[in-house]
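Student: Pasting the sequence and the predicted coordinates here, then a few questions.
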Amino acid sequence: MKTTRRMFLAGATALGAGSLIIGPTGKLGRAFAQDGKTLSFAAAGTVTSSWDPSSHTVAPQITAEGFLFGHLTKCPMTPENPGEILPDLAVEWKVIDPFTLEYKLRQGVTFHDGKEFKAEDVKATYEYASQPSRPASAWYPGQVEVEIVDDYTVRLKTEKFGYPALNFWYVSAFLPILSAKDVANPDVLKQRPNGTGAFRYEATKGDQIIFKAFDKFHEGKPQIETVLWNYVPDANTRVLGLLNGQYHLTERLEPEQYASLSKEANITTQRGLSSENKYLHFRCNKPPFDDVRVRLAAVHAIDREQVLAVVGDAGQASNCHISPVKFGYTDVATYPKFDPELSQKLLAEAGFPKGQGLPEIEYITSVGFYPKTREYGELITAMLQEQGFPVKLTTLEPAAWEEQLYRRADGQGPGHIVDVGWITGSPEPDLVLRPNYLSKFALINGISDPEIDASLDKERNAASTDERLNILQTETLPLIAAKVPSVSLFSSVFLRAMSKNLQGVYFYPNGPIDLSKATLA
């Protein structure tokens with residue numbers, strides 16, 4: 001029996017969001033249409049209007065860029081070895097002095113437009129994208145100069161900007177390498193991506209992006225000829241499309257969907273700890289969350305164990321503002337815990353006894369991108385209301401939610417509490433910490449705190465990795481936990497599913513999918 005969209009959605013409505021409808025035979029309906037050359041991917045998020053990687057910090061677009069761009073190095077970020085670094089466009093790297101890193105580049109690599117990859121491209125990319133004016137400059141530890149030693153040797157130099165070059169040790173696995181020719185003409189860069197990755201950009205048709213195998217990819221042309229990126233914001237629709245053969249691969253499953261699909265003989269499921277934590281960011285530069293006591297009162301009102309029970313397979317408990325696959329992760333002993341009495345005490349100290357006098361608080365979340373956001377959003381709303389916080393929950397589909405995330409020209413953002421993850425493709429903790437908690441960025445919460453700034457600079461400027469690890473674990477992370485510009489609810493666990501015929505896929509913990517060695521029977 002073939003499952004129809006109407007049957008599926010009716011079942012989902014009856015059983016709860018994310019449930020699967022089972023036919024009379026006990027099997028899920030499907031009719032995989034495979035030609036072995038075209039892979040159709042149901043993506044939970046959309047891309048921006050610009051293909052310049054330095055123009056955004058949007059997770060779904062970083063996943064799309066993973067098909068297209070190369071990086072100096074790769075970091076698989078396994079929990080067993082989060083600090084592992086592998087070659088990509090660089091084949092060797094070493095520390096020359098505290099302010100200089102040297103990279104030997106791979107020869108025989110070409111961009112999608114046919115230009116040969118050389119040192120000039122690394123120089124153009126790093127010096128352009130690390131400019132403070134670039135929206136994604138927060139990914140960089142600071143500005144950097146690149147010295148070209150020869151066509152296939154570069155040196156990243158940071159002395160002029162006052163911080164150690166060692167900060168790029170992990171970051172170089174995350175920053176896409178652009179063509180110097182494109183950097184010289186940013187308008188072209190925005191319109192059409194041009195990387196060295198396994199796939200090249202072909203076209204965009206509505207909510208579908210077409211990627212084609214790059215026949216000059218330095219690791220060999222992929223066997224899959226075409227990747228169809230389909231923006232499908234509804235989790236039920238993504239799964240239905242997988243069952244009916246419209247899609248071969250989908251991401252960000254709901255826990256019930258993952259459990260049901262795991263029992264299916266013709267579907268493979270994949271569960272992996274991500275480099276993402278899920279946060280509630282407080283808008284710290286407007287009332288009432290400009291007062292740390294009110295922020296702490298809100299955190300002490302939230303029972304994160306109950307939230308994790310709702311999330312199920314899609315989350316892992318964590319008392320830290322970075323994921324366990326990040327350098328510096330530790331279980332912070334002083335992380336704020338559920339304590340309603342302390343919540344009431346702090347509210348009274350802040351002048352809001354039992355919440356009296358607080359303005360209406362808007363809590364903004366998404367539906368269809370992250371698992372269970374509506375369900376645990378309603379739970380958190382009820383917990384906050386129980387302590388006197390007058391909270392209104394606003395749920396938005398992913399594209400509309402993304403427009404609400406970041407601070408505007410006036411420095412503030414919509415609402416008062418924002419549910420969002422933060423995911424990066426490197427073990428480097430500053431890719432999370434500086435964009436979110438350094439005053440000159442604080443992209444979502446708007447925190448402006450000299451103590452946090454000083455600690456972030458101190459750990460960044462440490463003379464060795466051992467010294468830096470100690471500062472992160474004993475000073476920086478406990479300080480952020482005490483000031484709570486955001487609360488980390490849990491570490492995300494990615495739940496994916498694909499056709500059993502799809503083999504050889506590697507999933508990175510930050511979302512990108514390596515299909516360069518994949519086959520589709």
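Tutor: It's in.
Student: where in the stretch 151-300 of the chain is pLDDT low?
Tutor: By pLDDT under 70, the stretch 151-300 of the chain has no low-scoring segment.
Student: ok, now how distant is Q191 from R304?
Tutor: Noted for Q191: a distance of 44 Å to R304, by CB to CB, to the nearest Å. Using the backbone N, CA and C atoms, a C-beta is placed for each residue, glycine as well.
Student: who has more neighbours, the two?
Tutor: Using other CB atoms under 10 Å as the criterion, Q191 and R304 rank with R304 on top: 23 against 14.
Student: looking at it, the more buried one is touching S491, isn't it?
Tutor: No: contact between R304 and S491 fails when scored by CB atoms under 8 Å: they sit 11.5 Å apart.
Student: what residues do those two have in common as contacts?
Tutor: Common neighbours of R304 and S491, counting by CB atoms under 8 Å, 6 or more residues apart in numbering, are A317.
Student: So what does the closest residue to I423 other than its chain neighbours have for phi and psi?
Tutor: Among residues not flanking I423 along the chain, E276 sits closest, at 3.6 Å (CB to CB, 6 or more residues apart in numbering). Phi and psi for E276, reported as degrees, to the nearest 10, are phi -110, psi 140.
Student: Which residues are in contact with E276?
Tutor: If you count contacts by CB under 8 Å, 6+ apart, E276 has them with A59, S323, G421, W422, I423, S491, S492, P509, N510, G511.
Student: Which of the helices or strands spans L489?
Tutor: Here L489, judged by DSSP states H and E, is contained in strand 486-499.
Student: Check E202 too.
Tutor: In the assignment (DSSP H and E), E202 maps to strand 199-205.
Student: That strand pairs with which strands?
Tutor: strand 208-213 (antiparallel) (DSSP bridges).
Student: Name the next helix or strand following the strand it pairs with along the chain.
Tutor: strand 226-231.
Student: how far away is the residue nearest to the spatial centre of the chain from P509?
Tutor: Closest residue to the average C-alpha location of the chain: I423 at 2.4 Å, with CA atoms, centre = their mean. Applying CB to CB, the value for I423 to P509 is 8 Å.
Student: which residues do those two both contact?
Tutor: Taking CB under 8 Å, 6+ apart as the contact rule, I423 and P509 both touch S274, S275, E276.
Student: picking up where we left off before, which of the contacts of E276 are buried?
Tutor: A59, S323, G421, W422, I423, S491, S492, P509, N510, G511 (16 or more other CB atoms under 10 Å).
Student: could you dump those to CSV with distance to E202 and secondary structure?
Tutor: Putting the buried ones among the contacts of E276 into CSV (distance: CB to CB, whole Å; DSSP: H, G, I helix; E, B strand; the rest coil) gives the following:
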residue, distance to E202, secondary structure
A59, 23, helix
S323, 34, coil
G421, 29, strand
W422, 30, strand
I423, 26, coil
S491, 36, strand
S492, 31, strand
P509, 28, coil
N510, 24, coil
G511, 21, coil
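Student: and which of these is nearest to P76?
Tutor: The nearest member of the buried ones among the contacts of E276 to P76, counting by CB to CB, is P509 at 8.1 Å.
Student: residues in contact with that closest one?
Tutor: Counted by CB under 8 Å, 6+ apart, P509 has contacts M77, G272, L273, S274, S275, E276, S323, V325, G425, F494.
Student: Would you mind listing which of these are buried?
Tutor: By 16+ other CB under 10 Å, those give M77, G272, L273, S274, S275, E276, S323, V325, G425, F494 as buried.
Student: Closest one of those to H218?
Tutor: Lowest distance from H218 to the buried ones among the contacts of P509 (CB to CB) belongs to G425, with 19.2 Å.
Student: Surely the closest one touches I62?
Tutor: Yes: using CB under 8 Å, G425 is in contact with I62, at 6.9 Å.
Student: Please enumerate the shared neighbours of these two.
Tutor: Jointly contacting G425 and I62 under the rule CB under 8 Å, 6+ apart are N510, G511, P512.
Student: three-state assignment of the closest residue to F174 other than its chain neighbours?
Tutor: If the residues on either side of it in the chain are set aside, F174 comes closest to S426, at 3.9 Å by CB to CB, 6+ apart. Secondary structure, DSSP: H, G, I helix; E, B strand; the rest coil: S426 is coil.
Student: roughly how far apart are S426 and C75?
Tutor: Distance, S426 to C75, by CB to CB: 5 Å.
Student: quick one: common contacting residues for these two?
Tutor: Y170, A173, F174.
Student: would you list the residues you listed in TSV and tack on neighbour count and distance to V505?
Tutor: What follows is the shared contacts of S426 and C75, written out as TSV (neighbours: other CB atoms under 10 Å; distance: CB to CB, whole Å):
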residue	neighbour count	distance to V505
Y170	24	24
A173	25	19
F174	23	20
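Student: now, which of these sits nearest I209?
Tutor: Of all those, I209 sits closest to F174, with 21.4 Å by CB to CB.
Student: got a list of what the closest one touches?
Tutor: H71, C75, W139, T424, G425, S426, E428, L431.
Student: What separation do you get for it and E120?
Tutor: 21 Å.
Student: hang on, I380 in a helix?
Tutor: Yes: counting by three-state DSSP, I380 falls inside a helix.
Student: what's the burial count for it?
Tutor: 28.
Student: Look up which residues are beta-bridged to the nearest residue to D419 once chain neighbours are set aside.
Tutor: Nearest residue to D419 in three dimensions, chain neighbours excluded: T365, at 3.9 Å (CB to CB, 6+ apart). In this entry, T365 is beta-bridged to T395, by DSSP bridges.
Student: Do you know the pLDDT at the closest residue in space to Y508 that isn't next to it in sequence?
Tutor: Nearest non-adjacent residue to Y508, counting by CB to CB, 6+ apart: G425, 6.0 Å away. Listed pLDDT for G425 reads 88.
Student: got the contact list for G425?
Tutor: Counting by CB under 8 Å, 6+ apart, G425 touches I62, G66, C75, M77, A173, F174, S275, Y508, P509, N510, G511, P512.
Student: list the helices and strands the helix or strand hosting V91 packs on?
Tutor: Here V91, judged by DSSP H and E, is contained in strand 90-97. Contacts defined by 3 or more CB pairs under 8 Å, 6 or more residues apart in numbering; DSSP states H and E place strand 90-97 against strand 100-105.
Student: Before I go, just wanted to say thanks for your time.
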